[in-house]
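**Student:** Structure of the sequence below:
(one chain, ligands or ions: 2)
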Amino acid sequence: MNKYLEISPEVSAALAAGKPVVALESTIISHGMPWPQNAETALNVERIVRENGAVPATVAIIGGRLKAGLSRDEIEYLGQKGYDVIKASRRDLPVLAARGDDGATTVATTMIIAAMAGIRVFATGGIGGVHRGAEVTMDISADLEELAQTPVLVVCAGAKSILDLGLTLEYLETKGVPVIGYGTSELPAFYTRKSGFGVDYRLDTPQEVAAAFRAKLEMGLKGGMLVTNPIPEAYSMDPDVINRAIDEAVAEANAKGVKGKQTTPFLLAKIKDITGGDSLASNIRLVYNNAALAAQVAANL
Ligand code: PSU
Ligand code: MN
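**Tutor:** Numbering: from 1, shown residues only. Ligands and ions are numbered 1, 2, ... in the order given. Sure thing, here's the model as predicted:
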């Protein structure tokens, strides 16, 4: 086994017994939400995965070790340290491991570590994508390249319009990543159930999702699959309110010259402030919803 990888005893036993396991990311903890809601949400997500019949494996880099399966203390440590933990995408892994640093894993790095551990299903809130203005800035998340090459199914709530949704879908198409709508033929826009963009396929049950991903794995096609799961109606936001908040946040990021890995965390925090915390409440609910679906898919894989 990879000498940098450390799988917790519980996750390791579940994998050895062929039990369903769901990977969870940690950038959402340290950079996606404020303390203490971040750790509280992460612990609730683990509980929801269990209630739906799978074992949770929260992923992070602790002291240079690539970890699949964190303790409660480790989750709280990442939540409390917040922005002081390095946001770690694919390019960050070598130096963090060599220096023995901590890192919060993005969708890309969580996929890498999940695949190393033999975990096939991963739940998160939102993925990175092609940012608005990318035709000039070239800001395209490494998450998309990871979906193109690493065999992990990612359940998310679609993409929020801090991204250019049309370009994100084009990029995924070019890279051969199937984009599935769960119970919908329209791409959900994270805080809302609709975006105006279509998905590649609508699938309606965890069984159908698992069957499609199993076929991909058995064919030996490289890369993952993206399942977009709309936020439950009861928690979705007014599209006008959220879109105005997003536009304002994007304008402020541009004015301040925010770029690179700071962009997504900056926008999330701004949107939360502008909406008076409503976006955070919705964000938490959609992550719970994705955790439940991912566990059900893992149980059927
Ligand atoms: N979108 C969210 N919350 C998040 C992220 C995205 O709603 O926490 C995080 C995820 O970890 C994702 C990362 O992988 O941001 C993408 O960052 P970038 O755009 O810098 O690749
Ligand atoms: Mn970026």
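
**Student:** Next, work out how far apart A88 and V177 are.
**Tutor:** In this view, A88 and V177 are 22 Å apart by Cβ to Cβ, to the nearest Å. Quick note: C-beta positions are derived from backbone N, CA and C, even for glycine.

**Student:** same thing with A23?
**Tutor:** Shown here: A23 relative to V177, a distance of 17 Å by Cβ to Cβ.

**Student:** who's more crowded, the two?
**Tutor:** Here A23 and V177 are set side by side on neighbour count (other Cβ atoms under 10 Å), and the busier one is A23, at 30 against 21.

**Student:** what's near enough to touch the more buried one?
**Tutor:** Contacts of A23 were listed using Cβ atoms under 8 Å, 6 or more residues apart in numbering, and they are 57-59, 68, 110-111, 113-114, 117, 119, 121-123, 152.

**Student:** Can you get me a residue count around the closest residue to ligand 1 within the stretch 201-301 of the chain?
**Tutor:** Of all residues in the stretch 201-301 of the chain, T264 sits closest to ligand 1, with a separation of 3.9 Å (Cβ to the nearest ligand atom). Close neighbours of T264, defined as other Cβ under 10 Å, add up to 26.

**Student:** Help me confirm that it comes into contact with G129.
**Tutor:** No. Because the distance of 9.7 Å does not satisfy Cβ atoms under 8 Å, T264 is recorded as not touching G129.

**Student:** who touches both of those two?
**Tutor:** The overlap between the contact sets of T264 and G129 (Cβ under 8 Å, 6+ apart) consists of S141.

**Student:** Near ligand 1, which residues of the stretch 201-301 of the chain are found?
**Tutor:** Residues of the stretch 201-301 of the chain lying close to ligand 1 by Cβ under 6 Å from any ligand atom are 261, 264, 268.

**Student:** Inside helices: which ones of the residues you listed?
**Tutor:** Of those, the ones assigned to helices by DSSP state H are 264, 268.

**Student:** which of the residues of the stretch 201-301 of the chain next to ligand 1 lies closest to V199?
**Tutor:** Proximity of those to V199 was ranked by Cβ to Cβ; the top entry is T264 with 22.1 Å.

**Student:** ok, now which ones touch the closest one?
**Tutor:** Applying Cβ under 8 Å, 6+ apart, one finds that T264 lies in contact with 31, 128, 141, 162.

**Student:** where in the stretch 51-200 of the chain is pLDDT low?
**Tutor:** By pLDDT under 70, the stretch 51-200 of the chain contains no weakly predicted segment.

**Student:** So which residues of it form helices?
**Tutor:** Secondary structure of the stretch 51-200 of the chain (DSSP state H, counting those that start in this stretch): helices located at 72-81, 93-99, 107-117, 134-137, 142-149, 165-174.

**Student:** And the second one, what's buried?
**Tutor:** Read it as helix 93-99. Buried residues in helix 93-99, counted by 16 or more other Cβ atoms under 10 Å: 93, 96-97.

**Student:** do it and ligand 1 meet?
**Tutor:** No. Counting by Cβ under 6 Å from any ligand atom, no contacts exist between helix 93-99 and ligand 1, the nearest distance being 13.9 Å.

**Student:** for the last one, same thing?
**Tutor:** No. For a cut-off given as Cβ under 6 Å from any ligand atom, helix 165-174 has no contacts with ligand 1; the smallest distance is 10.8 Å.

**Student:** first to last residue in stretch 196-204, what's the distance?
**Tutor:** According to Cα to Cα, to the nearest Å, stretch 196-204 extends 19 Å from its N-terminal end residue to its C-terminal end residue.

**Student:** Now do it: distance to the chain's middle.
**Tutor:** Taking Cα atoms, centre = their mean, to the nearest Å, one finds the center of stretch 196-204 at 19 Å from the center of the full chain.

**Student:** ok, back up a step: also near ligand 1: which of the contacts of T264, exactly?
**Tutor:** With Cβ under 6 Å from any ligand atom as the criterion, the contacts of T264 include 31, 128, 141 near ligand 1.

**Student:** Would you mind extracting the C-alpha trace of the helix or strand harbouring E46 into PDB?
**Tutor:** When elements are defined using DSSP states H and E, E46 is found to belong to helix 37-51. This file holds the C-alpha atoms of helix 37-51, laid out as PDB (Å, rounded to 0.1, in the frame of the first residue of the first chain):
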ATOM      1  CA  GLN A  37     -20.900  25.300  12.000                       C
ATOM      2  CA  ASN A  38     -18.200  23.600   9.800                       C
ATOM      3  CA  ALA A  39     -17.300  20.900  12.300                       C
ATOM      4  CA  GLU A  40     -20.900  20.500  13.400                       C
ATOM      5  CA  THR A  41     -21.900  20.000   9.800                       C
ATOM      6  CA  ALA A  42     -19.100  17.600   9.100                       C
ATOM      7  CA  LEU A  43     -20.000  15.400  12.100                       C
ATOM      8  CA  ASN A  44     -23.700  15.400  11.200                       C
ATOM      9  CA  VAL A  45     -22.800  14.400   7.600                       C
ATOM     10  CA  GLU A  46     -20.900  11.400   9.000                       C
ATOM     11  CA  ARG A  47     -23.900  10.500  11.100                       C
ATOM     12  CA  ILE A  48     -26.200  10.700   8.000                       C
ATOM     13  CA  VAL A  49     -23.900   8.500   6.000                       C
ATOM     14  CA  ARG A  50     -24.100   5.900   8.800                       C
ATOM     15  CA  GLU A  51     -27.900   6.200   9.000                       C
END
